[in-house]
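Asker: Next come a sequence and a model predicted from it.
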Amino acid sequence: MSFNPELCRNESEVESKLIVQYLLPKLGYSPDTWHQEVRFGKIRLDFLVFTQKLPLKSDDRSPLGLVIEAKHPHQNLAKHVYQIQNYLTSLNITYGLLTNGKELRIYQQVSGSARLIFQCAGKDIDDRLADIIKLIGRDYLKERLEHQLLLPQTAITISPKISSMKTIAIYHNKGGVGKTTVSTNLAAAFSKKGYRTLLIDIDGQANSTFATGLIKFQFEEDDDIRERNIYHAIASSDRNFIEELVRKSSYFNDPEIDVVPSHIDLIKYQEILTTKMASRNRLLTKLKRIENSYDLVIIDTPPSRDIYAEAALITADYLIIPSDLKPFANQGLPTVKEFITTINENRDTFGKQPLKLLGVLASKISTNAQYLKYSFPKQRAVISERYGMPLMEAVIYDRTALSTCFNQTIIVGEIEYPNPQSIFKYADTHNGTSQTSALEFEVLADEVLNKVKF
C-alpha cells in the first residue's frame, strides 16, 4: 500500500488516510498501541502512540512513544511548531510527528525545545519510509526509549472521560449587537485552545450558519440544509439526534468546529412548535446523548423571546449577553432579566439549576479615542449601577477585520461562493487589526474558561 497526498483534502482525511490507514501500520503500531483525541487538562492530542499495548497497567513504567498532530493540507506546518513543542515539553514526551499530508516533519524534544530531525514532502513519504521507521517505528523507538525513564511515578492511564460539557448561550433581545460574531469566533477560540467545540445555530436568520461557511449553494434546489438542521432536533423526540445533524465548518477555522446549522424555515415552523411544551426541552435531552463528545457547546440564539430562545436558555448552563452598550440595547436588559426569571422557572421543572449569567459583554465597541475616554466608561458603569448585572472584563471592538473575515469568497468555475473565515484563520494571513481582534477573542475565551471553571 502506497500513500498519495492528493487523497487528503482536509484534516480528517489526513488523520484517516495518512496516519491511521498508512503510517501507524507501516511503523508497526497496531490499534491497541495508540489512542486518538486524548486530553490532558487543556491539552488535546490528535494521537498519542505507545510502544506497548493498551491499557497500561497501574505499575507500568514504560515510556510514552510519540505525539502525532494532523493539520489541514492548506496549513503551513511552520506555524504549528510552537504547538508540538508545548505538547512534548508539557507531557515530557521525546518525539512528535507533525503533518498536513503535503509535508511530514518529526521533532525531538531536546532541553525543553523541539528540534526538527526529519522532514520530507508528502509525495516522498513512500521513498523515505525506511528513514521514518528508524526514527519512530515501534521496535526502534521502544528500544531507544527503554534507556529513558520518561513516565513519572504515577503512570498515565487512558480511561473513559467523565462528562464536564459546558453549554453557553449567547443571547440578547436586541439585534445588531454582535451576537453571531461573538458566537462563531468564541467557538473558534475554544477550538484553537484544544477544546472539543460544538456551535448550535438556533436563530431563523441562520447568521452563524452563513458565517461558518455552510451555505455553499447558489440556487434553492441545491439547498442541502433545509432537511437537516436544528429545527429537526427540537421537532421530534425519537429521531434527528444531534450527531446526525452536525456539519463540519470546512475552511472556517483550524481546527474545524462542529456546527448544527439553522435555516430560514425555522420561522415558518415556529407556531407549530410553540403549541408543544415538549419542544422546549428536546435540545436539552438530545445534548445529553453526546455530553462525552464535546467540552463546550455555544448556542447562537434569536434576538427575541420565541420558542427557539426558550429552548436555548433552558438547555444552556451559562449565558453571555453581548451589547454595544448603547441606549436601545441597555433598555432591553430589564426584559432580558424578566425572561431569565421565566426561564429559570421552566428549568426547575426539568431539574436544571438556574441559568448562570457570566455577564454583559461589551461588543461592537467603537475604537474612537474620544469615545473610549469619555463615553465608554460611563456606559460600562450603567450596566451594574442601573441594571444590576455583571459586566465581563473582555471587550470586543468594532474593527473592519471582523466583518471582512466573514465576507471572504472563493470562485469555482464562473460562480463566486461564500468562503468565510474565523478571525483567527483570517489573522494567519493578514496583519494589523485582524491580529488585534483575534487577541481580543483569546482574552474573552480565557475569561469564560476561568468563570466556568473548566
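Answerer: Everything's here; your move.
Asker: Read off the pLDDT value for Val395.
Answerer: Confidence at Val395, expressed as pLDDT, is 97.
Asker: ok so it is a helix residue?
Answerer: No. With DSSP: H, G, I helix; E, B strand; the rest coil as the criterion, Val395 is strand rather than part of a helix.
Asker: My understanding was that it contacts Val360; is that so?
Answerer: No. Using C-beta atoms under 8 Å, Val395 and Val360 do not qualify as a contacting pair, with a distance of 11.1 Å. All C-beta atoms are positioned from the backbone trio N, CA, C, and that covers glycine.
Asker: okay, those two: which has more neighbours?
Answerer: Val360 (26 against 17; other C-beta atoms under 10 Å).
Asker: who does that one bridge with?
Answerer: Residues in a beta bridge with Val360, per DSSP bridges, are Ile321, Leu391.
Asker: Please tell me the pLDDT value assigned to it.
Answerer: So, for Val360, pLDDT stands at 98.
Asker: got it, and Lys26?
Answerer: With respect to pLDDT, Lys26 has a value of 94.
Asker: Skipping its backbone neighbours, what lies nearest it in space?
Answerer: Of all residues not flanking Lys26 in the chain, Leu129 sits nearest, at 6.1 Å (C-beta to C-beta, 6 or more residues apart in numbering).
Asker: Next: Leu24.
Answerer: Closest to Leu24 by C-beta to C-beta, 6+ apart is Trp34, at 6.1 Å.
Asker: residue contacts, the one you found?
Answerer: 24, 47-50, 54, 65 (C-beta atoms under 8 Å, 6 or more residues apart in numbering).
Asker: Next: Ala233.
Answerer: Ala233 touches 240-242, 245, 260, 282-283, 286, counting by C-beta under 8 Å, 6+ apart.
Asker: could you redo the last one with a cut-off of 6 Å?
Answerer: 240, 245, 286 (C-beta atoms under 6 Å, 6 or more residues apart in numbering).
Asker: May I see those residues organised as a markdown table, with pLDDT, secondary structure and distance to Glu15 added?
Answerer: Converted to a markdown table, the contacts of Ala233 look like this (pLDDT from 0 to 100; DSSP: H, G, I helix; E, B strand; the rest coil; distance: C-beta to C-beta, whole Å):
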| residue | pLDDT | secondary structure | distance to Glu15 |
| --- | --- | --- | --- |
| Asn240 | 90 | coil | 27 |
| Leu245 | 94 | helix | 22 |
| Lys286 | 93 | helix | 27 |
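Asker: If the residue nearest to Leu24 is in a bridge, with which residues?
Answerer: Bridge pairing for Trp34 (DSSP bridges) gives the partners Val49.
Asker: State the distance from it to Thr99.
Answerer: According to C-beta to C-beta, to the nearest Å, Trp34 stands 15 Å off from Thr99.
Asker: How about Pro31?
Answerer: 19 Å.
Asker: Looking only at neighbour counts, state which of the two leads.
Answerer: The neighbour comparison of Pro31 against Thr99 (other C-beta under 10 Å) goes to Thr99, with 26 against 12.
Asker: Could you chop this protein up by domain?
Answerer: 5-145, 166-451 (automatic domain parsing).
Asker: ok, back up a step: right, and out of the contacts of Ala233, which lies closest to Val448?
Answerer: Lys286 (23.4 Å; C-beta to C-beta).
Asker: Can you tell me what sits against stretch 254-274?
Answerer: Contacts of stretch 254-274 (C-beta under 6 Å, 6+ apart): 72, 75, 187, 191, 197-201, 203-204, 206, 209, 212, 214, 225-226, 229-231, 245-249, 279, 306-307, 425.
Asker: So the closest residue to Gly112 other than its chain neighbours, which state does it fall into?
Answerer: Excluding its sequence neighbours, the residue lying closest to Gly112 (C-beta to C-beta, 6+ apart) is Thr89, at 5.4 Å. Following three-state DSSP, the label given to Thr89 is helix.
Asker: Could you report the neighbour count for Thr89?
Answerer: The local packing of Thr89 (other C-beta under 10 Å) involves 14 other residues.
Asker: again with Ala369
Answerer: 8.
Asker: what about stretch 378-385, average pLDDT?
Answerer: Stretch 378-385 shows a mean pLDDT of 95.
Asker: mind listing what's buried in that stretch?
Answerer: Neighbour counts over stretch 378-385 (16 or more other C-beta atoms under 10 Å) mark 379-380, 382-383 as buried.
Asker: repeat for stretch 343-361
Answerer: By neighbour count with 16+ other C-beta under 10 Å, stretch 343-361 contains the buried residues 343, 347, 352, 355, 358-361.
Asker: Serialize those residues to JSON lines and add fields for distance to Glu220.
Answerer: Listed next are these as JSON lines, based on distance: C-beta to C-beta, whole Å:
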{"residue": "Ile343", "distance to Glu220": "35"}
{"residue": "Arg347", "distance to Glu220": "38"}
{"residue": "Lys352", "distance to Glu220": "39"}
{"residue": "Leu355", "distance to Glu220": "38"}
{"residue": "Leu358", "distance to Glu220": "39"}
{"residue": "Gly359", "distance to Glu220": "41"}
{"residue": "Val360", "distance to Glu220": "39"}
{"residue": "Leu361", "distance to Glu220": "36"}
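Asker: Helices along the stretch 301-450 of the chain, start to end?
Answerer: 307-315, 327-331, 333-349, 369-370, 376-385, 400-404, 423-429, 433-451 (DSSP state H, counting those that start in this stretch).
Asker: Can you pull out the low-pLDDT segments for the stretch 201-350 of the chain?
Answerer: 216-219, 222 (pLDDT under 70).
Asker: returning to that earlier point: go through the contacts of Trp34 and flag the one the model is least confident about.
Answerer: Lowest pLDDT within the contacts of Trp34 is found at Leu54 (50).
Asker: quick one: which of the contacts of Trp34 is nearest Gly176?
Answerer: Gly176 lies nearest to Phe47 out of these, by C-beta to C-beta, at 43.4 Å.
Asker: Just say helix, strand or coil for the closest one.
Answerer: Phe47 ends up strand, using three-state DSSP.
Asker: Next one: the most centrally placed residue in the chain relative to Leu199, how far apart?
Answerer: When C-alpha atoms, centre = their mean is applied to the chain, the residue found nearest the centroid is Ser191 (3.0 Å). Noted for Ser191: a distance of 9 Å to Leu199, by C-beta to C-beta.
Asker: ok so, going back, quick one, which of the helices of the stretch 301-450 of the chain is packed in tightest?
Answerer: Of all the helices of the stretch 301-450 of the chain, helix 307-315 has the most neighbours on average by mean count of other C-beta atoms under 10 Å, namely a mean of 24.
Asker: Can you spell out which helices and strands pack onto it?
Answerer: helix 265-274, helix 282-288, helix 333-349 (3 or more C-beta pairs under 6 Å, 6 or more residues apart in numbering; DSSP states H and E).
Asker: rerun that using 10 Å as the cut-off
Answerer: Packing partners of helix 307-315 (3 or more C-beta pairs under 10 Å, 6 or more residues apart in numbering; DSSP states H and E): strand 166-170, strand 197-201, helix 230-235, helix 265-274, helix 282-288, strand 296-300, helix 333-349.
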